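S.K.: Predicted coordinates and the sequence they were generated for:
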Amino acid sequence: MTNTKTTFARVTLEYDKAHERAPLEAITKAIFETSRLSDCNAVVVRTAGALLAVWTGKRLLRGAR
C-alpha cells in the first residue's frame, strides 16, 4: 500500500494523485481479504455485497439516510 500520510500544505495546495490511490488500495485490500475462502485457496468477490458496502459507506460519510 502506498504511504497514506501527507502534509496539510500538500493537501490544500494541489491535487494529489498519490493520495487518491491510498483509499482505493485500502478498499480493494479489504474486499479481497474478506472474500478469501476458508476451506480452499480461492477468493470469491460477491460483487453485489461489495458494491453495496462501498455505496452504503459513501452515503453514511455524506450523512445521507
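M.R.: Thanks, I have it. Numbering: from 1, shown residues only.
S.K.: hang on, residue 16 packs against residue 9?
M.R.: No. Judged on CB atoms under 8 Å, residue 16 makes no contact with residue 9 at a distance of 10.9 Å. Bear in mind the C-beta positions are built from the backbone N, C-alpha and C, glycine included.
S.K.: Between the two, point out the one with more neighbours.
M.R.: Counted by other CB atoms under 10 Å, residue 16 and residue 9 do not tie: residue 16 has more neighbours, with 13 against 8.
S.K.: Contacts only, for the more buried one.
M.R.: Residue 16 sits next to 6, 10 when contact means CB atoms under 8 Å, 6 or more residues apart in numbering.
S.K.: and the gap between it and residue 25?
M.R.: 14 Å (CB to CB, to the nearest Å).
S.K.: go on, residue 5?
M.R.: From residue 5 to residue 25 the distance is 14 Å (CB to CB).
S.K.: and if you look at residue 8?
M.R.: In terms of CB to CB, residue 8 sits 22 Å off from residue 25.
S.K.: do the same with residue 45
M.R.: 16 Å.
S.K.: cool, residue 38 as well?
M.R.: 24 Å.
S.K.: ok, and what's touching whichever strand or helix holds residue 11?
M.R.: Here residue 11 sits within helix 8-13, counting by DSSP states H and E. Helix 8-13 has contacts (CB under 8 Å, 6+ apart) with 16, 19.
S.K.: again, but for stretch 33-40
M.R.: Applying CB under 8 Å, 6+ apart, the contact partners of stretch 33-40 are 42-46, 50.
S.K.: Could you say which helix or strand holds the residue most central in space within the chain?
M.R.: The centre of the chain sits closest to residue 27, judged by CA atoms, centre = their mean, with a distance of 2.0 Å. Under the criterion of DSSP H and E, residue 27 resides in helix 17-34.
S.K.: average pLDDT for that helix?
M.R.: In this model, helix 17-34 has a mean pLDDT of 83.
S.K.: Using the three-state scheme, assign residue 15.
M.R.: Residue 15 falls in the coil class when you classify it by DSSP: H, G, I helix; E, B strand; the rest coil.
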